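# model this:
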Amino acid sequence: MGSPRIPGFIDLQVNGTHGIDFSADGLTTDTCLRAFDLIRDSGTAVFTPTIITAPGDRLIRNLETVAAAAAAYDDPRAVAGVHLEGPFLDPTPGAIGAHNPEWVVAPDIALFGRLWDAARGTIRILTVSAGVHGVEELIAGAAAKGVVVSLGHQMAGYEAVRRAADAGATLLTHLGNGLPHDVNRHENPLLAGLAEERLMATLITDGHHLPADLVRLILRVKGVQRTIVVSDAAPVAGLPPGRHDTFGSEVEVTADGLVVNPETRYLAGSGKTMRECMNWLAGLGDLSYDDLVTMGVRNPARVLGIDPLQMSGPTLRYDETARRFVSG
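As a prediction, the model looks like this:
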């Protein structure tokens with residue numbers, strides 16, 4: 001019997017690649033199409049280009065641009081819609097992460113409607129912060145359109161997270177990240193997210209965002225069936241080590257793929273592909289091939305409402321001995 005094979009992974013959070021930023025001013029259809037090819041070539045069969053917090057006019061332009069590129073792409077099944085991460089977030093330092101707090105806005109269902117129209121109805125995932133005044137109305141309105149509402153970049157505790165889930169939120173954006181280094185030891189977004197059973201968790205398993213023992217702990221609480229791996233690939237993913245401009249500020253890329261603000265040392269996305277994140281997770285030695293495919297393919301397919309058997313992409317083979325997904 002040959003090695004297990006899949007047609008690539010599903011990545012629910014990819015901000016760009018090789019210097020192409022889906023949130024940048026001046027984004028074009030051609031640069032989007034080039035990024036789509038690069039993402040697919042890296043072993044990701046289906047993905048949601050992620051646009052983060054930006055001024056309103058830029059959000060509208062970029063949503064229009066990504067939607068146009070997706071409609072023109074060779075494989076229309078590859079781009080499963082847009083992940084809009086912001087601008088309805090908590091601007092608290094640390095919680096806001098690499099997002100510019102000056103561009104954060106209060107939850108506004110009318111503004112979301114304009115963004116939805118600009119994206120031609122292709123917003124598939126919306127990340128908002130629980131606990132922000134008015135967010136429950138926004139969550140309910142977005143969910144009514146079929147949008148998967150995810151919670152992240154927040155200071156929310158147990159009750160705020162419960163209210164958000166009551167309103168229709170079903171997902172947690174990069175659980176364990178997008179929060180300050182120092183938080184209340186009992187009342188904090190990490191524990192609140194773990195405690196709310198209605199929320200699936202996405203994790204960035206690039207070896208930098210979360211320590212191995214925390215990944216193991218989250219998996220024990222959420223279980224494989226309620227956990228999804230994402231790359232959170234930054235626009236500088238694929239670029240050489242050094243300092244680069246991205247997300248409207250300077251970031252440092254290290255030789256091992258760490259992407260960090262050189263002043264605050266807060267992480268600014270990942271320098272790894274989805275396949276690299278899956279290989280780091282596989283390398284822990286705790287999970288079966290079936291577990292890995294569940295978190296990297298089946299669970300995100302369920303969130304997006306797609307059939308993973310209909311996916312196409314560069315074939316990946318799982319090397320059981322090396323615990324790695326490789327081309328072929």
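
# So which elements touch the strand ranked longest in the chain?
Counting residues, the longest strand found in the chain (DSSP state E) is strand 44-52. Under the contact criterion of 3 or more Cβ pairs under 8 Å, 6 or more residues apart in numbering; DSSP states H and E, strand 44-52 touches strand 9-14, helix 29-41, helix 56-72, strand 82-85, helix 274-283, helix 299-304. Glycine gets a C-beta too; all of them are placed from N, C-alpha and C.

# Contacts for the second one, please.
Put plainly, it is helix 29-41. 8, 11, 14, 16-18, 20, 22, 47, 49, 65-66, 68-70, 72-73, 75, 78-79, 233, 238, 273, 313-314 (Cβ atoms under 8 Å, 6 or more residues apart in numbering).

# repeat that with 7 Å
Helix 29-41 has contacts (Cβ atoms under 7 Å, 6 or more residues apart in numbering) with 14, 16-18, 20, 47, 65-66, 68-69, 72-73, 78-79, 313-314.

# what residue ranges in the protein score low on pLDDT?
By pLDDT under 70, the low-scoring segments of the chain are 1-2, 247.

# Show me where it has its helices.
For the chain, applying DSSP state H gives helices covering 29-41, 56-72, 109-118, 135-144, 158-167, 189-195, 212-222, 274-283, 289-293, 299-304.

# And the first one, what's buried?
Along helix 29-41, the positions that meet the burial threshold by neighbour count (16 or more other Cβ atoms under 10 Å) are T29, T31, C32, L33, A35, F36, L38, I39, R40.

# Please identify the one among those that lies nearest to A142.
Proximity of the buried residues of helix 29-41 to A142 (Cβ to Cβ) peaks at C32, which lies at 23.3 Å.

# List the contacts of T28.
For T28, the contacting residues are T65, by Cβ under 7 Å, 6+ apart.

# Pick the most buried one from the helices of the chain.
Mean neighbours per residue, mean count of other Cβ atoms under 10 Å, is largest over the helices of the chain for helix 274-283, with a mean of 23.

# Between strand 9-14 and that helix, find me the angle.
Helix 274-283 runs at 110 degrees relative to strand 9-14, counting by axes from the mean of the first three to the mean of the last three Cα atoms, to 10 degrees.

# Could you export helix 274-283 as PDB, CA atoms only?
Provided in PDB are the C-alpha atoms of helix 274-283 (Å, rounded to 0.1, in the frame of the first residue of the first chain):
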ATOM      1  CA  MET A 274       0.200  25.800   5.600                       C
ATOM      2  CA  ARG A 275       2.200  22.700   4.800                       C
ATOM      3  CA  GLU A 276       5.000  23.900   7.100                       C
ATOM      4  CA  CYS A 277       2.500  24.500   9.900                       C
ATOM      5  CA  MET A 278       1.000  21.000   9.400                       C
ATOM      6  CA  ASN A 279       4.500  19.500   9.400                       C
ATOM      7  CA  TRP A 280       5.400  21.200  12.700                       C
ATOM      8  CA  LEU A 281       2.300  19.800  14.200                       C
ATOM      9  CA  ALA A 282       3.000  16.300  12.800                       C
ATOM     10  CA  GLY A 283       6.500  16.500  14.200                       C
END
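
# Which residues outside that helix are in contact with it?
Helix 274-283 is contacted from outside by 9, 11, 42-44, 204-207, 229, 231, 287, 292, 296, 316, 323-325, using Cβ under 7 Å, 6+ apart.

# right, and Y266 touches G97 too?
Yes - counting by Cβ atoms under 7 Å, Y266 touches G97, with 6.1 Å between them.

# More neighbours: which of the two?
G97 (26 against 17; other Cβ atoms under 10 Å).

# then stretch 184-194 to CSV, C-alphas only?
Coordinates of each C-alpha in stretch 184-194 appear next as CSV, following Å, rounded to 0.1, in the frame of the first residue of the first chain:
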residue,chain,number,x,y,z
ASN,A,184,-5.8,38.2,34.2
ARG,A,185,-4.9,34.8,35.4
HIS,A,186,-8.5,33.5,35.5
GLU,A,187,-10.7,35.9,33.4
ASN,A,188,-9.0,36.1,29.9
PRO,A,189,-9.8,35.4,26.3
LEU,A,190,-7.8,32.2,26.1
LEU,A,191,-9.6,30.5,28.9
ALA,A,192,-12.9,31.9,27.9
GLY,A,193,-12.4,30.5,24.4
LEU,A,194,-11.4,27.1,25.7
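
# how far out from the middle of the chain is it?
From the chain centre to the centre of stretch 184-194 is a distance of 20 Å (Cα atoms, centre = their mean, to the nearest Å).

# can you list contacts of that stretch?
For stretch 184-194, contacts defined as Cβ under 7 Å, 6+ apart pick out 154-158, 161, 172, 175-176, 179, 199, 201, 218, 221.

# could you redo the last one with a cut-off of 6 Å?
Contacts to stretch 184-194, defined as Cβ atoms under 6 Å, 6 or more residues apart in numbering, come from residues Q154, A156, G157, Y158, V161, L172, L175, G176, L179, V221.
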